[in-house]
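Have a look at this prediction, sequence included:
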Amino acid sequence: MAQEAAKFLATALAIGLGALGPGIGIGIIGGKAVEALGRNPEAESAIRTTMILAIAFAEAVAIYALVIALIIKFV
Amino acid sequence: MEEHSKPHISIKAEKIFHLFGFDITNSFFLSLIVFLIFTIGAFIYYYQSKSKNKGSFYYFVNFIVKSLYDLFYSVLKKETDYFFPLLASFFLFILFQNWFGLLPGVGSLLIRVKEHGKLISVPLLRANTADLNTTLALAIISVFLSQVFAIKYLGFKGYINKFYRLKEPMSFFIGTLEVISEFSKVISFAFRLFGNVFAGEVLLTIIAFLIPILASFPFLLLEVFVGFIQALVFSMLTTVFISVAIAKHH
């Protein structure tokens, strides 16, 4: 396999596999937030803030994968 | 030319000129501009707060600062006054750096520089938080200060007791993990901010190359939102870590 081809594969695998976990995580967070909202609609603003913070945490993992992919691609 | 046929993406900030032996990078240059605007805004606010008839700028800044105060108050309670200047500066600094990186001209204005004896064109401006040096510096300040505040509030002995306790032999293992996690906070802080802002920059560049007209507009709005959220996340995490650090172990 040519070196260039391996590089493309590595980039795609890094971001593709790295997005799996955060995707599942954000799905769970969003679902649970809606559940909480259904139980307690008055707490909407508190739930929203907490949800966005938690999503940012989960998303950060995908961002690490993206940084790795970009490093493989452009360095 | 070969150089213009594909988007210009560089993972590190590029030098644009030398000043007294220092390399001035494009991200530092934009950071200086933001810093100047920030300072001017602060002075306008200060003079308006002293004068009799206050402008709408004064009330607008007051509104923002008040909202920020309420946000941090929900975590820190009665300690908010002491930590507020640090946390609000984190928030506003990161917010302004993120948003100035989205202005038209940032990344698209090019300048010719000589590197290794050959002329290349590099962007004149670059979002400051899309430079790993900046985010690493912010992360080190945040984590280091939370240790300093822990020592200030608990005393040196109390600080060490948070990690290692003689009565619990198990704490020597767990404490070591805690120490490592303090260091990994720096890395996660730095890469979270850098990754989000840099990824946004790459996304906007790529979309503009795929569909040149109008298509990047929704993504621009998304990036404005991401810039705000990342500033909020950075300052909120610092708040939470500080509030955990100054809490007594029991």
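Here it is on my side, so go on.

quick one: pLDDT of the nearest residue to residue B:179 once chain neighbours are set aside?
Spatial nearest neighbour of residue B:179, chain neighbours left out: residue B:163 (6.0 Å); criterion: CB to CB, 6 or more residues apart in numbering or on different chains. Using the backbone N, CA and C atoms, a C-beta is placed for each residue, glycine as well. The model reports residue B:163 with a pLDDT of 82.

can you pull the contacts of residue B:97?
Contacts for residue B:97 (CB atoms under 8 Å, 6 or more residues apart in numbering or on different chains) come out as B:30, B:31, B:34, B:127, B:128, B:129, B:134.

swap that for residue B:189, please
When contacts are counted by CB under 8 Å, 6+ apart, residue B:189 is found next to B:135, B:138, B:139, B:142, B:143, B:234, B:237.

On the three-state scheme, the second one is what?
Which is residue B:138. helix (DSSP: H, G, I helix; E, B strand; the rest coil).

now the helices for the chain?
You didn't say which chain, so I picked chain A. For chain A, the helices defined by DSSP state H cover A:3-39, A:44-74.

I was after chain B.
B:26-50, B:56-76, B:80-100, B:132-163, B:171-210, B:216-245.

closest one to residue B:117 among the ones you listed?
For these, the distance to residue B:117 is smallest for helix B:26-50, at 20.5 Å, taking CB to CB.

so that closest one versus helix B:56-76, what angle?
Orientation of helix B:26-50 against helix B:56-76 (axes from the mean of the first three to the mean of the last three CA atoms, to 10 degrees) gives an angle of 100 degrees.

related to what we said a few turns ago, closest to residue A:58 out of the contacts of residue B:97?
Nearest member of the contacts of residue B:97 to residue A:58, counting by CB to CB, is residue B:129, at 20.4 Å.

looking at the helices of chain A, which has the lowest confidence?
helix A:44-74 has the lowest average pLDDT among the helices of chain A, namely a mean of 84.

which residue packs closest to whichever residue of chain A sits closest to chain B, ignoring adjacent ones?
Chain B sits closest to residue A:63 of chain A, with a gap of 3.4 Å, by CB to the nearest CB. Spatial nearest neighbour of residue A:63, excluding adjacent residues (CB to CB, 6+ apart): residue B:195 at 3.4 Å.

is it true that that neighbour touches residue A:66?
Yes - between residue B:195 and residue A:66 there is a contact under CB atoms under 8 Å: 5.9 Å.

who has more neighbours, the two?
Neighbours per residue (other CB atoms under 10 Å in any protein chain shown) separate residue B:195 from residue A:66, with residue B:195 holding more: 25 against 22.

Around residue 36, how many other residues sit close by?
As the question left the chain open, I've gone with chain A. 16.

um, chain B though
As a burial measure, residue B:36 scores 10 neighbours (other CB under 10 Å).

Model confidence score at it, please.
pLDDT, read off for residue B:36, is 93.

Would you check how far apart it and residue B:173 are?
As judged by CB to CB, to the nearest Å, residue B:36 and residue B:173 stand 50 Å apart.

what does chain B have sitting close to chain A?
Listed as neighbours of chain A in chain B under the rule CB under 8 Å from any CB of the partner chain: B:9-11, B:188, B:191-192, B:194-196, B:198-199, B:202, B:229-230, B:232-233, B:236.

and with 7 Å instead?
With CB under 7 Å from any CB of the partner chain as the criterion, chain B meets chain A at residues B:9, B:11, B:188, B:191, B:192, B:195, B:196, B:199, B:202, B:229, B:233, B:236.

Selection in PyMOL covering whichever of the residues you listed are buried, please.
The buried subset of the residues of chain B next to chain A, as determined by 16 or more other CB atoms under 10 Å in any protein chain shown, is captured in PyMOL by this line:
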select buried, chain B and resi 11+188+191+192+195+196+199+202+229+233+236
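
quick one: which of the residues of chain B next to chain A is nearest residue A:43?
Among the residues of chain B next to chain A, and counting by CB to CB, the member closest to residue A:43 is residue B:236, at 17.8 Å.

Could you check what's spatially nearest to that closest one, not counting adjacent residues?
Nearest to residue B:236 is residue A:53, by CB to CB, 6+ apart, at 6.1 Å.

what residues are up against the residue of chain B found nearest chain A?
Using CB to the nearest CB, residue B:195 is the residue of chain B that sits closest to chain A, at 3.4 Å. Residues in contact with residue B:195 (CB atoms under 7 Å, 6 or more residues apart in numbering or on different chains) are A:63, A:64, A:66, A:67.
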